[in-house]
Structures are given as structure tokens and as C-alpha cells.
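Colleague: Build the 3D model from these lines:
(one chain, ligands or ions: 1)
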Amino acid sequence: MTMTDLRNIGVIGAGTMGNGIAQTCALAGFPVVLQDLSDAALDRARKTMEGSLARLVKKATLTEAQAADTLARITMTTTLDLMADRDIVIEAIVEKLEVKAAILGKLDAICRADAVLASNTSSISLTQLAAASAHPGRVIGMHFFNPVPVMQLVEIIRALQTTDAVAEAVTALTHAIGKTPRVSKDSYGFIVNRLLAPQINEAINCVYEGLATPEDIDSMMKLGANHPMGPLALGDLIGLDVVLNIMETLYDGFDDPKYRPSPLLKQMVSAGYLGRKAGKGFAEYPAA
Ligand code: 3HC
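Modeller: You can find the predicted model right below:
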């Protein structure tokens with residue numbers, strides 16, 4: 001399989017990650033089918049992509065016509081039927097193994113047998129996911145980072161079953177959509193989240209222990225470690241439920257207390273203070 005085999009792209013899930021992935025692929029010239037369950041979800045995705053492309057137009061990186069062409073390359077749909085002719089389908093749905101496994105089963109029935117099935121999971125074992133497909137060799141992780149249009153890396157995670165041809169084709173596709181691929185073997189949290197989530201968790205423990213305000217903790221990491229944003233703002237950006245998911249995966253997977261989720265992180269999630277998407281996390285985010 002070569003990169004030219006991966007031309008028609010499907011994206012399942014039009015949320016924060018899914019619409020960013022669709023936009024990135026379409027901007028690079030690839031035809032995309034973007035699926036979500038409701039028209040409302042697709043409308044929200046379209047607005048987000050319009051806003052993101054408008055930023056590029058404002059900076060003169062893109063012309064208005066190129067922005068319009070990018071959106072025109074994205075077909076929106078509420079069913080999975082249009083995935084039938086896709087060379088690769090990237091799923092970016094809820095982080096639940098049984099839900100993702102169910103989608104893989106459906107795609108097995110709809111997609112061509114040689115289509116690649118990629119998952120943007122941030123914390124689920126690719127090997128387990130691949131086992132849910134009738135063709136496990138074609139399952140692979142394509143882990144994008146938030147905000148997708150801006151972040152350069154795509155972490156490519158090989159399940160134990162992933163074939164070399166699929167890994168090579170997905171690596172080539174990642175270059176072709178203007179991102180930088182780096183390959184990791186399947187393990188809990190892969191590489192980036194294994195390093196990043198414990199730092200966010202530890203920052204939350206600092207708040208829990210009353211050591212400093214969230215604002216001061218964030219500004220310390222910006223001013224003292226040159227991070228573009230502090231760990232609590234980053235937790236709010238990626239979603240505190242997502243951070244908790246990753247910490248639980250690390251804690252259970254490695255069976256190591258050093259990954260124990262902060263009690264305050266659990267409380268924030270229980271309270272629905274999930275960060276930007278909820279309007280409130282460690283900071284408040286008034287609706288735009
Ligand atoms: N679409 C298009 N462009 C965007 C954008 C979007 N959604 N968001 C930001 N940008 C562009 C801006 O236009 C700007 O471009 P320019 O420099 O060419 O003018 C540039 O990105 C910087 O944006 P801003 O000036 O608005 O704001 P900042 O300079 O504060 O940067 C940030 C914002 C890029 C988010 C930066 O703070 C950052 O890099 N933060 C760290 C993000 C990070 O670590 N992400 C990884 C999270 S982990 C993850 O996602 C994995 C998952 O599994 C949990």
C-alpha cells in the first residue's frame with residue numbers, strides 16, 4: 001500500500017478533534033466525509049471550521065476562495081454509508097472502548113476490506129481496539145493534538161497487529177496533510193499523554209493542597225518553564241474528563257500509584273467543570 005492509496009478520507013465524530021482533523025485533511029486537498037449523529041453537531045463543526053479558516057484568511061495565509069474550497073471538500077453526513085468508498089476512516093468519537101469497538105464492527109461491514117481504520121484515541125489500547133475488528137492488521141492509532149489545525153505532531157500508534165504496509169501508508173498520509181508523524185508502540189497513554197497528563201494532574205494536586213492559585217501555578221510554568229500555556233489552562237483546553245480518562249488508564253494499566261488521579265480532578269469532573277467546553281474548569285469561559 002502506498003500513500004496514493006489513501007486519498008479519500010472519512011472522519012467519524014465532528015467534535016473538537018474530529019472537525020480539526022477534517023479541516024486539516026481538506027485544507028491539504030483531500031476529499032473528506034465527516035460524520036456525526038446529528039445535524040446540530042455537524043452545524044457546530046462547520047461553524048468551528050469556518051472560524052478557524054477565517055483566522056488563516058485574516059493572517060493572509062489563505063485566500064477566501066481557498067477557505068471556501070476547503071469547506072467544499074468536506075461532505076457532512078449523519079450516517080456511516082458514505083464511508084463505503086473511503087481509503088481511510090479516522091474515528092474521533094467518545095473515549096469508550098465499547099463504543100469505539102462497536103464502530104469498528106460497523107465499519108468492517110461498510111468499508112472496503114483494504115481500507116485503513118484509524119483511531120484518534122488518547123488513552124485506549126490500540127491492540128484491544130484492533131482485536132475488535134475482523135481485519136486487525138488495518139487498525140492503527142492516529143493521535144492528533146488540540147488545537148488540531150495548529151499542532152504539528154501526529155503520534156502514530158501501532159497495535160500489535162498493525163501491518164507494516166498500513167503503518168507506512170499512514171505515515172505518508174500524515175506528511176501529506178502537513179503534519180509530522182512520530183511512531184510509538186502501543187502502551188498506556190502512548191508517549192505524549194504519558195508525559196503530559198501527570199504534569200496536569202500534579203498541577204491540580206498543587207491547587208488541591210492550596211499551594212498557590214491556579215493563575216499563579218499556570219504563570220509559573222509559563223514564565224519558569226517557557227510553556228506556551230500553563231498546565232491548568234491546558235487541562236481546561238483538552239477537557240478535564242479527558243485528563244481523568246488518561247490518568248485512570250495510566251493508573252490502572254501500569255498499576256502504579258504515581259499515576260493516581262488527583263481527588264480534585266475527580267471532583268471537577270463530577271461537578272461537570274470540564275474546562276472550556278463546559279464554560280468552566282480552572283478558569284471561566286463565557287460563551288462567545
Ligand atoms: N485554528 C487555526 N489557527 C489557530 C487555532 C485554531 N483553532 N488556534 C490558534 N490558532 C493559531 C493562531 O491564529 C495563531 O497563529 P499565528 O501565530 O500564525 O498568528 C497561533 O495559532 C497562536 O494562537 P493565539 O495567538 O491565539 O494564541 P497563543 O499564542 O496563546 O497559542 C496555542 C495558542 C496554540 C493553543 C498555544 O497556547 C499552545 O501551543 N498551547 C499548548 C497546546 C498543547 O499542548 N496541546 C496539546 C494538548 S494534548 C492533546 O491534545 C492530546 C489529547 O489526547 C489530550
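
Colleague: which residues does Val89 bridge with?
Modeller: Applying DSSP bridges to Val89 yields these beta-bridge partners: Gly10, Leu117.

Colleague: need the contact list for it.
Modeller: Ile9, Gly10, Val11, Ile12, Met83, Leu107, Cys111, Ala115, Val116, Leu117, Ala118 (C-beta atoms under 8 Å, 6 or more residues apart in numbering). C-beta: built from backbone N, CA, C; applies to glycine.

Colleague: Which one of these is nearest to the ligand?
Modeller: Comparing the contacts of Val89 against the ligand with C-beta to the nearest ligand atom places Ala118 closest, at 14.1 Å.

Colleague: Most proximal residue of the stretch 101-250 of the chain with respect to the ligand?
Modeller: Counting by C-beta to the nearest ligand atom, the stretch 101-250 of the chain gets nearest the ligand through Ser122, at 2.9 Å.

Colleague: so which strand or helix has that residue?
Modeller: For Ser122, there is no helix or strand it lies in under DSSP states H and E.

Colleague: tally of neighbours for it?
Modeller: Look at Ser122: counted by other C-beta atoms under 10 Å, it has 27 neighbours.

Colleague: Around the ligand, which positions in the stretch 101-250 of the chain sit nearby?
Modeller: Contact residues (C-beta under 6 Å from any ligand atom) of the stretch 101-250 of the chain with the ligand: 122, 145-147, 149-151, 193, 196, 228-229, 234, 238, 242.

Colleague: if you set the cut-off to 5 Å instead, what comes out?
Modeller: Contact residues, the stretch 101-250 of the chain versus the ligand (C-beta under 5 Å from any ligand atom): Ser122, Phe145, Asn146, Pro147, Pro149, Val150, Pro228, Met229, Ile238.

Colleague: quick one on the thing from earlier: how about the contacts of Val89 in JSON lines, adding pLDDT?
Modeller: Listed next are those as JSON lines, based on pLDDT from 0 to 100:
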{"residue": "Ile9", "pLDDT": "98"}
{"residue": "Gly10", "pLDDT": "98"}
{"residue": "Val11", "pLDDT": "98"}
{"residue": "Ile12", "pLDDT": "98"}
{"residue": "Met83", "pLDDT": "98"}
{"residue": "Leu107", "pLDDT": "97"}
{"residue": "Cys111", "pLDDT": "97"}
{"residue": "Ala115", "pLDDT": "96"}
{"residue": "Val116", "pLDDT": "98"}
{"residue": "Leu117", "pLDDT": "98"}
{"residue": "Ala118", "pLDDT": "98"}
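
Colleague: could these go into a markdown table alongside distance to Val99?
Modeller: Formatted as a markdown table, the contacts of Val89 follow (distance: C-beta to C-beta, whole Å):
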| residue | distance to Val99 |
| --- | --- |
| Ile9 | 21 |
| Gly10 | 17 |
| Val11 | 16 |
| Ile12 | 11 |
| Met83 | 16 |
| Leu107 | 13 |
| Cys111 | 18 |
| Ala115 | 20 |
| Val116 | 20 |
| Leu117 | 14 |
| Ala118 | 16 |
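
Colleague: now the residues you listed as TSV including neighbour count?
Modeller: Output for those, formatted as TSV (neighbours: other C-beta atoms under 10 Å):
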residue	neighbour count
Ile9	27
Gly10	30
Val11	31
Ile12	25
Met83	24
Leu107	24
Cys111	24
Ala115	23
Val116	29
Leu117	27
Ala118	29
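
Colleague: Looking at these, which is nearest Ser270?
Modeller: Nearest to Ser270 among the contacts of Val89: Ile12, at 28.5 Å, using C-beta to C-beta.

Colleague: Does the closest one touch Val94 like I think?
Modeller: No: between Ile12 and Val94 there is no contact under C-beta atoms under 8 Å: 10.8 Å.
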